[in-house]
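> Sequence first, then the predicted structure:
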Amino acid sequence: MRKYTEDYIKLVERIGKNIKKVRENKGISIDELSQKIGFSKKYLNNLEEGKTLGTTIGRLLIISDILKVKLHTLC
């Protein structure tokens, strides 16, 4: 089992909160975002709640592109 540092876990939680904040500020539902990017609603829920520890930069880039924000905005 992979072990994650406390700093990494905090980063993942912060990214999730930022994705949710940007998504909600833009008036995009989680269902709509899920359909636009092709990731499951469950995956996005877990990501926004900081429970998806193994996400990739590629996936974050896709999300930032759909939300029309720079990647660093999510971090």
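Arrived safely. Residues are numbered from 1 along each chain as shown.

> Please tell me I have it right and residue 61 contacts residue 69.
No - checked against C-beta atoms under 8 Å, the pair residue 61 and residue 69 is beyond contact range at 10.9 Å. The way it works is simple: take the backbone N, C-alpha and C, and place the C-beta from them, glycine included.

> if you count what's nearby, which of the two comes out ahead?
Set side by side, residue 61 and residue 69 show more neighbours around residue 69, with 17 against 12, by other C-beta atoms under 10 Å.

> Need the nearest residue in space to that one, chain neighbours excluded.
Nearest non-adjacent residue to residue 69, counting by C-beta to C-beta, 6 or more residues apart in numbering: residue 22, 5.7 Å away.

> Contact partners for the one you found?
Contact partners of residue 22, counting by C-beta atoms under 8 Å, 6 or more residues apart in numbering, are 67, 69, 73-74.

> List only buried entries from the residues you listed.
The neighbour count (16 or more other C-beta atoms under 10 Å) marks 67, 69, 74 as buried among the contacts of residue 22.

> Tally up the residues packed near the nearest residue to residue 46 once chain neighbours are set aside, please.
Closest residue to residue 46 apart from its sequence neighbours, by C-beta to C-beta, 6+ apart: residue 52 at 4.5 Å. Close neighbours of residue 52, defined as other C-beta under 10 Å, add up to 18.

> Restricted to helices, list the contacts of residue 22.
Here DSSP state H is the test, and the contacts of residue 22 give 67, 73-74 as lying in helices.

> need those in TSV with distance to residue 47 and pLDDT, can you?
Formatted as TSV, these follow (distance: C-beta to C-beta, whole Å; pLDDT from 0 to 100):
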residue	distance to residue 47	pLDDT
67	13	97
73	15	95
74	10	94
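
> With distance to residue 26 as new columns, can those be given to me in CSV?
Output for the ones in helices among the contacts of residue 22, formatted as CSV (distance: C-beta to C-beta, whole Å):
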residue, distance to residue 26
67, 6
73, 12
74, 13
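
> ok, those vs residue 15, which is closest?
Among the ones in helices among the contacts of residue 22, residue 74 lies closest to residue 15 (C-beta to C-beta), at 5.3 Å.
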